[in-house]
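>>> model this:
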Amino acid sequence: MNALDPAGLECLAALAEAGSFDGAAQLLHITQSAVSQRLRSLESNVGHVLVVRERPLRLTEPGKVLLRYARQMQVLRADAARELGATLNRDERLPIAVNPNSLATWVLPALDPLVQRGLQEGFGVELIVDDQDFTHDWLRQGEVLGCVSTVAQALRGCACQALGAMRYVAAASPAFVARHLPQGLNRRNFAQLPFVTFNRKDDMQTEWVAKAFGVRDPQLRARFVPSSEAVARAAAMGWGVSVLPELLARPLLASGALLPVLPEVHLDVTLYWHQWKLSGEDAQASRHGLMDQIGEALLAGARQALHPVPMAGGGDNPAP
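Numbers count the residues shown, from 1 in each chain. The predicted model follows:
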């Protein structure tokens, strides 16, 4: 394989970002035919089809491999431009994947100073949202440069650090408790009561019930509300019991809008920050790159918001 053409890699990244040839052309300020030509040249160079040309456009497995490389090149270019004081042709996109509950609580305050600076320096953090057990897949596929995940083991070429433990507690509105839980939640009635749940990927409610009552694979009546803030609001409106991040539940519990359900039972979910290593080991101590700064901001924010966890399990051991 010959040296990879940076213009072709930039084209591949734009196709992944825009999801279409005309969208990629608009991002790069070139014609659609130029996008096609650059992609064909890159595919000829590597000897693989990189993009499945259908609607919606999707990358092949070789395309995902090169996308990871293209994303890393974009960040390195942004780092170099920032250090040289140069102006980028367009804002460099730094995509990271986070889980909805982290986004609704501690991630935005942690990233705010860096995002505000990026408005002046020509880079932007793009947040991709998925369940905390699935954000790692976005990193593996090259769609993002870093992720907040429950996965403890690093991919090869990535660094992994423990952020902290997000605590989950169960709560319901006073009216719901008075009407449906006069004797409290127990093994006999949990299956008859609705649980407000984010979506079908969200298994926090079943994990909490399994821990509370020692039941294996409990079957719950789920009411899906696909927003972290809206789940808390729906619980306060009396839609059912919900297992919420303590960070979201705390003000509602303090105001009396929610009441705790079995407060002695809680779940602690350890979160980890994963990112691609974009500098050599000798340069890593300085940690001046943009992705390193994103990681540092998230680690600092997590230390303030999350419960501490033992450092074991958050190393850099590569996964196959």
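
>>> can you pull the contacts of residue 308?
By Cβ atoms under 8 Å, 6 or more residues apart in numbering, the contact set of residue 308 is 164-165. Heads up, the C-betas are built off the backbone N, CA and C, glycines and all.

>>> what's it sitting at in phi/psi?
Here is the backbone geometry of residue 308 (degrees, to the nearest 10): phi -70, psi 150.

>>> Relative to residue 186, how far out is it?
Residue 308 sits 32 Å away from residue 186, going by Cβ to Cβ, to the nearest Å.

>>> Likewise for residue 61?
Applying Cβ to Cβ, the value for residue 61 to residue 186 is 49 Å.

>>> what's the answer for residue 75, then?
Taken as Cβ to Cβ, the span from residue 75 to residue 186 is 52 Å.

>>> who's more crowded, these two?
residue 75 (23 against 11; other Cβ atoms under 10 Å).

>>> and the next element down the chain from the host helix or strand of the more buried one?
Assigned by DSSP states H and E, residue 75 belongs to helix 61-84. The first helix or strand that comes after helix 61-84 along the chain, using DSSP H and E, is strand 92-98.

>>> Report the backbone C-alpha coordinates of that next one in CSV.
Provided in CSV are the C-alpha atoms of strand 92-98 (Å, rounded to 0.1, in the frame of the first residue of the first chain):
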residue,chain,number,x,y,z
GLU,A,92,-12.0,20.8,13.3
ARG,A,93,-14.6,18.4,14.7
LEU,A,94,-13.6,16.4,17.8
PRO,A,95,-16.3,13.8,18.2
ILE,A,96,-16.6,12.0,21.5
ALA,A,97,-19.3,9.6,22.7
VAL,A,98,-21.0,9.9,26.0
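
>>> What pairs with it, parallel or antiparallel?
strand 123-129 (parallel), strand 146-149 (parallel) (DSSP bridges).

>>> any idea of the mean pLDDT in the last one?
Think strand 146-149. Averaged over strand 146-149, pLDDT sits at 96.

>>> Figure out how far it is from the centre of its chain.
5 Å (Cα atoms, centre = their mean, to the nearest Å).

>>> what does it contact?
For strand 146-149, using Cβ under 8 Å, 6+ apart, the contacting residues are 96-99, 102, 107, 132-133, 135-136, 138-139, 163, 271-276, 291, 294-295, 298.

>>> and if you look at the longest one?
Contacts of strand 123-129 with the rest of the structure, by Cβ under 8 Å, 6+ apart, involve 78, 82, 88, 91-100, 103, 107, 111, 114-115, 118, 135, 138, 143-144, 290, 294.

>>> pull the CA atoms of the next helix or strand after it into PDB?
Going down the chain from strand 123-129, the next helix or strand is helix 135-140, by DSSP H and E. Taking Å, rounded to 0.1, in the frame of the first residue of the first chain, the C-alpha atoms of helix 135-140 are listed here in PDB:
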ATOM      1  CA  THR A 135     -20.400   4.100  23.400                       C
ATOM      2  CA  HIS A 136     -17.200   1.900  23.200                       C
ATOM      3  CA  ASP A 137     -18.500   0.600  19.800                       C
ATOM      4  CA  TRP A 138     -18.400   4.100  18.400                       C
ATOM      5  CA  LEU A 139     -14.700   4.300  19.300                       C
ATOM      6  CA  ARG A 140     -13.900   0.900  17.900                       C
END
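
>>> Residues in contact with helix 135-140: which ones?
With Cβ under 8 Å, 6+ apart as the criterion, helix 135-140 contacts 97-99, 128, 130, 144-149, 151, 155, 158, 274, 276.

>>> hang on, the earlier thing: just want the angle from the helix holding residue 75 to strand 123-129.
Orientation check (axes from the mean of the first three to the mean of the last three Cα atoms, to 10 degrees): helix 61-84 against strand 123-129 gives 140 degrees.

>>> Give me the buried positions along helix 61-84.
63-68, 70-75, 78-79, 81-82 (16 or more other Cβ atoms under 10 Å).

>>> Out of those, flag the one nearest to residue 218.
residue 64 (36.7 Å; Cβ to Cβ).

>>> Now do the contacts for the closest one.
141-142.

>>> Residue 289 contacts residue 77, doesn't it?
No - in this structure, residue 289 is not within contact of residue 77 by Cβ atoms under 8 Å, at 11.3 Å.
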